[in-house]
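[1] after the sequence you'll find the predicted model.
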Amino acid sequence: MSPDLWLPVFTGPLDDLVDRIHREIEKYADEAGIEKAFVEIELVDGARYAVESLAPEPGYGFVTIQPHQENGTPALVIVPVGSIKRIELSSTAERPAAVGFSIPHA
């Protein structure tokens, strides 16, 4: 990594961050009039995952990404939260073969 590269560092509780991301995804789906949003996460190393879910575990600065299962896609990816470059939301209608993001409900 370049020493000039700035990465955001999250120092707050990961549960709150992930809850806020879930709320934004849910808000987007409601406003778009769709049942589930298509969520894609890009990491700073360029890896991109179509995401089924995001969890604040195991904590200590790490989150767990569960990608949609495709050939060669890992079942789970545990990454430092600072390695997430961007999160993209779109309609599943724009991606006919896609399955949307699952928001956990308490």
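    Thanks, I have the structure now. Values in this document were obtained by computation on a predicted structure and should not be read as measured data. Numbering: from 1, shown residues only.
[2] every contact and neighbour count from this point should use C-alpha atoms.
    Noted.
[3] helix/strand/coil for Glu26?
    With DSSP: H, G, I helix; E, B strand; the rest coil as the basis, the three-state label of Glu26 is helix.
[4] what's the burial count for it?
    19 (other C-alpha atoms under 10 Å).
[5] helix, strand, or coil at Asn71?
    coil.
[6] then Ile65?
    strand.
[7] contact partners for it?
    51-55, 76-79 (C-alpha atoms under 8 Å, 6 or more residues apart in numbering).
[8] can you spell out which helices and strands pack onto the helix or strand hosting Phe38?
    Counting by DSSP states H and E, the element that carries Phe38 is strand 37-43. Packing partners of strand 37-43 (3 or more C-alpha pairs under 8 Å, 6 or more residues apart in numbering; DSSP states H and E): helix 14-32, strand 48-59, strand 84-91.
[9] again, only using 6 Å
    strand 48-59, strand 84-91 (3 or more C-alpha pairs under 6 Å, 6 or more residues apart in numbering; DSSP states H and E).
[10] what's the burial count for Val77?
    For Val77, using other C-alpha under 10 Å, the count is 13.
[11] what pairs with it across the strands?
    Here Val77 shows beta-bridge partners Ile65, assigned using DSSP bridges.
[12] distance of it relative to Asp16?
    20 Å (C-alpha to C-alpha, to the nearest Å).
[13] one more: Gly33?
    Distance from Gly33 to Asp16, by C-alpha to C-alpha: 25 Å.
[14] can you pull the phi/psi pair for Lys36?
    Backbone torsions of Lys36, given as degrees, to the nearest 10, read phi -140, psi 140.
[15] same question, Thr73
    phi -80, psi 130.
[16] what is the burial count for it?
    13.
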